[in-house]
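K.L.:
got a predicted structure here, sequence first:
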Amino acid sequence: MTVVGAGAAGLFCALVAAHEGARVALVSSSPLPASASYWAQGGIAAALAAGDSPDRHAEDTMAAGRGAARASAVHMLCEESPARVRELEELGVRFDADRHGSLALGLEGGHSARRIVHAGGAATGRRITRDLSALAAAHPEIDVYERSTATALLVNDGRCTGVSIRIPGAQAAIASGGTVLATGGAAALWQRSTNPPGSVGVGLALAHAAGADLADLEFAQFHPTALVSEGPRDGFLITEAVRGEGATLRNASGRRFVDELAPRDEVALAIEAELRTGGAGAVALDMSGVNMTRFPNIAEVLGEVGIDPARDTVPVAPAAHYTMGGVATDLDGRASVSGLLAVGECACTGLHGANRLASNSLAECFVLGRRAALAAGEEEPPPAPSTADATPLPAPPRPETRSALWRHAGLRRGAEGLRELTGDPYPLARLIAASCLAREESRGAHQRVDFPHTNPALDGRHTVVDASGAVRLEEWS
Ligand SMILES: Cc1cc2nc3c(=O)[nH]c(=O)nc-3n(C[C@H](O)[C@H](O)[C@H](O)COP(=O)(O)OP(=O)(O)OC[C@H]3O[C@@H](n4cnc5c(N)ncnc54)[C@H](O)[C@@H]3O)c2cc1C
């Protein structure tokens, strides 16, 4: 089988498949520190505390999803996440422990219990990807294609039969029974983003060109607290784990204005409202009561930009952070084109609904990563693939596309701007605009100025974009 992408989802999927006896080709275009997984700060959500339970985790996830989450996906994640944390420990990942030697569990927005497993303080992603990539590189059943980019999926008779890749100095085709996309999300398509520049939805473009359905593209999450700074650190994420440890949000008058531990959509919209009336710089995080030794990488970046959190408040504003939508899949990662699977942030199982609950995405990478590895292993070997069937990738998005998405499909959007976006040269931007237009209501991360209320008739319904680009609204099964 082939796995495209070496973030948390791709690495874990490749390792599970290889452990089960599959021969795996692991293709990754970027160096390790360029994946969103490497940048993850907060941790992995798992109901491991005494008094917590998968049902309670599921209730919080459903509530954060604002009536649009797929219940079967939510229950699957919450039930299986604790076992995946234990599996990572068995693979050698060392999570932070409390003074009794038990896992130290953090608290984040929207969670009713302490259930965030972390490593190296706020260096969770760095630790996990470092450990998993060392295991993948050493595994005899995994062939790693580094600095290699998947440029097209190969399709024969409506079935995905592999992938065409550009390796340094050459083009090659890899035939596989199961091809798993683990290419990450698309939040870097928006001008202000917490994501690495490569997170522009390449996997969605590959899958769409191969005829696969995409889902929920209108649901893009804006993280409430990204650093506001003049230089390259603008947009640096300040994890909500600091709010879990007591940091408060202050407006231009120095007053608190929102429950800091409410789900992200609520906090981001409250900040946006303050910035609209108070102007840039009107919202700041007061972290003076937080023990910053738990967050050394945040302390380091704040030091770089001349902020001492013990003394100064930290200016923050929302930034595009996570795309709930992606390649539409079942609960084993299977896309609508046979032989094709998707996992991690590039996929959409419906788990996150209209608003992802903090730290559920790394959990998803491991829960779905395992399931997709097993499902891909069941695929029949392909007939010989034909490169002639490959549809090439669109050119990378221009800065104008990123600013158009920020203006027209940002925290608040309306029909006029969205219609303009449907003419953007970047195909995925057009599909996002069409999905936003199709959802004529406000819900979670999708706030329409022209449809300011939630429409109960759309509860449990998600948007699907088919290969022709047409959008329909349907129920999750
Ligand atoms: C700053 C930040 C902090 C976060 N903190 C948390 C957190 O604490 N907890 C949490 O649950 N989530 C967090 N998230 C979200 C989470 O990190 C991501 O959703 C998750 O890591 C996505 O993992 P992934 O494996 O799907 O994709 P990624 O980690 O983005 O990996 C994608 C991989 O695909 C490769 N790739 C892409 N296109 C191609 C191609 N065409 N050919 C070959 N390779 C390709 C890339 O090179 C990369 O290796 C955070 C995100 C950010 C940006």
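P.N.:
Sure thing, it's come through. Numbering: from 1, shown residues only.
K.L.:
so what secondary structure elements neighbour the host helix or strand of L374?
P.N.:
Element membership for L374, per DSSP states H and E: helix 360-377. Secondary-structure packing of helix 360-377 (3 or more Cβ pairs under 8 Å, 6 or more residues apart in numbering; DSSP states H and E): helix 8-19, strand 44-45, helix 71-90, helix 124-138, strand 179-181, strand 340-342. Quick note: C-beta positions are derived from backbone N, CA and C, even for glycine.
K.L.:
does it reach the ligand?
P.N.:
Yes - using Cβ under 6 Å from any ligand atom, helix 360-377 reaches the ligand at N360, S361, L362, C365.
K.L.:
for the nearest residue to the first one once chain neighbours are set aside, name its beta-bridge partners.
P.N.:
By that I understand N360. In this structure, N360 finds its nearest non-sequential neighbour in A45, 5.1 Å apart by Cβ to Cβ, 6 or more residues apart in numbering. For A45, the beta-bridge partners are I116 (DSSP bridges).
K.L.:
pretty sure A45 contacts R84?
P.N.:
No - the criterion here is Cβ atoms under 8 Å, and A45 misses it with R84 at 10.8 Å.
K.L.:
anything in contact with each of these two?
P.N.:
Listed as contacting both A45 and R84 by Cβ atoms under 8 Å, 6 or more residues apart in numbering are A363.
K.L.:
the two: who's more crowded?
P.N.:
A45 (31 against 23; other Cβ atoms under 10 Å).
K.L.:
residues contacting the more buried one?
P.N.:
A45 is in contact with 57, 81, 108, 111, 115-117, 357-360, 362-363, counting by Cβ under 8 Å, 6+ apart.
K.L.:
how close does it sit to G67?
P.N.:
Distance of A45 to G67, computed by Cβ to Cβ, to the nearest Å: 20 Å.
K.L.:
how about the secondary structure of S229?
P.N.:
Following DSSP: H, G, I helix; E, B strand; the rest coil, we place S229 in the coil state.
K.L.:
which residue is the nearest non-sequential neighbour of it?
P.N.:
Closest to S229 by Cβ to Cβ, 6+ apart is V305, at 4.9 Å.
K.L.:
do I have it right that that neighbour meets G231?
P.N.:
Yes - with contacts counted by Cβ under 8 Å, V305 reaches G231, the gap being 6.9 Å.
K.L.:
neighbour-wise, which of the two wins?
P.N.:
V305 (17 against 7).
K.L.:
so what's the more buried one up against?
P.N.:
Contacts of V305 (Cβ under 8 Å, 6+ apart): L227, S229, G231, R233.
K.L.:
rerun at 10 Å
P.N.:
V305 makes contacts with L227, V228, S229, E230, G231, P232, R233, D234, F236, V314, P315, as judged by Cβ atoms under 10 Å, 6 or more residues apart in numbering.
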